[in-house]
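Trainee: A structural model of the following input is requested.
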Amino acid sequence: MHNRSKFLFSLSIVLFSILVDQLSKYFVENNLDIFIDGLVILDGVNLVYVQNKGISFGILSKFNITFFLGLLSLLISCYIFFLIFKSDNRLEFAGLSLILGGALGNGVDRLKNGYVIDFIDVYYNNLHWPAFNFADSFITIGAILFFYCIFVKK
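Mentor: Residues are numbered from 1 along each chain as shown. Sure, this is the predicted structure:
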């Protein structure tokens, strides 16, 4: 795949990821009355409203590190951008593009709000996985694809 088509393919994945993530968060923010108490979707899945001021799973949320997280996110995004164009494997740069789109989606929240909006709550009985959002899902799926390419394909 040559650079122009790779760029367009990657850009479409990144923009789709950001769009889905930001539209879902916009919906949550504009319907807080539904999400504050939680909305049961399926047995084991709720929709809730959570302000995540830390990193993944709320780690470090007690510290005011928004600027540091924004800077770190920017540096990592630049590195991922470099990896996308270095890659010759379509599955690998699709995974990297999902990671980049998810990171930028959460980055928009950090810049706009000072926190990331999480709203998907998966649980079993009283055991809850930390709330997450579509950007987190895109990052996870992208990481799985990327590591699959690194460890299985190569």
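
Trainee: May I have the secondary structure class of the residue positioned nearest the centre of the chain?
Mentor: Residue closest to the mean C-alpha point of the chain, counted by CA atoms, centre = their mean, is residue 135 at 2.2 Å. What DSSP: H, G, I helix; E, B strand; the rest coil gives for residue 135 is helix.

Trainee: Residue 103 is in contact with that one, correct?
Mentor: Yes: with contacts counted by CB atoms under 8 Å, residue 135 reaches residue 103, the gap being 7.4 Å. Glycine gets a C-beta too; all of them are placed from N, C-alpha and C.

Trainee: can you tell me which helix in this protein is longest?
Mentor: Scanning the chain for the helix with the most residues, using DSSP state H, yields helix 3-29.

Trainee: Pass me the low-pLDDT residue ranges in the protein, would you?
Mentor: Along the chain, the model assigns pLDDT under 70 to residues 1, 54-67, 69-70, 153-154.

Trainee: Quick check: the gap between residue 11 and residue 30.
Mentor: Distance of residue 11 to residue 30, computed by CB to CB, to the nearest Å: 28 Å.

Trainee: Can you pick out the residue with more neighbours from the two?
Mentor: Legend: neighbour count by other CB atoms under 10 Å for residue 11 and residue 30, higher for residue 11 (14 against 10).

Trainee: Find the nearest non-adjacent residue to that one, please.
Mentor: Nearest non-adjacent residue to residue 11, counting by CB to CB, 6 or more residues apart in numbering: residue 97, 8.0 Å away.

Trainee: Give me the neighbour count for the one you found.
Mentor: 28.

Trainee: go on, residue 4?
Mentor: So residue 4, with other CB under 10 Å, has 8 neighbours.

Trainee: just residue 87 next, same as before
Mentor: Counted with other CB under 10 Å, residue 87 comes out at 20.

Trainee: mind checking how far it is from residue 95?
Mentor: From residue 87 to residue 95 the distance is 9 Å (CB to CB).

Trainee: Residue 81 now?
Mentor: Taking CB to CB as the measure, residue 81 falls 14 Å from residue 95.

Trainee: Over to residue 141?
Mentor: Residue 141 sits 8 Å away from residue 95 when distances are taken as CB to CB.

Trainee: more crowded one of those two?
Mentor: residue 95 (28 against 16).
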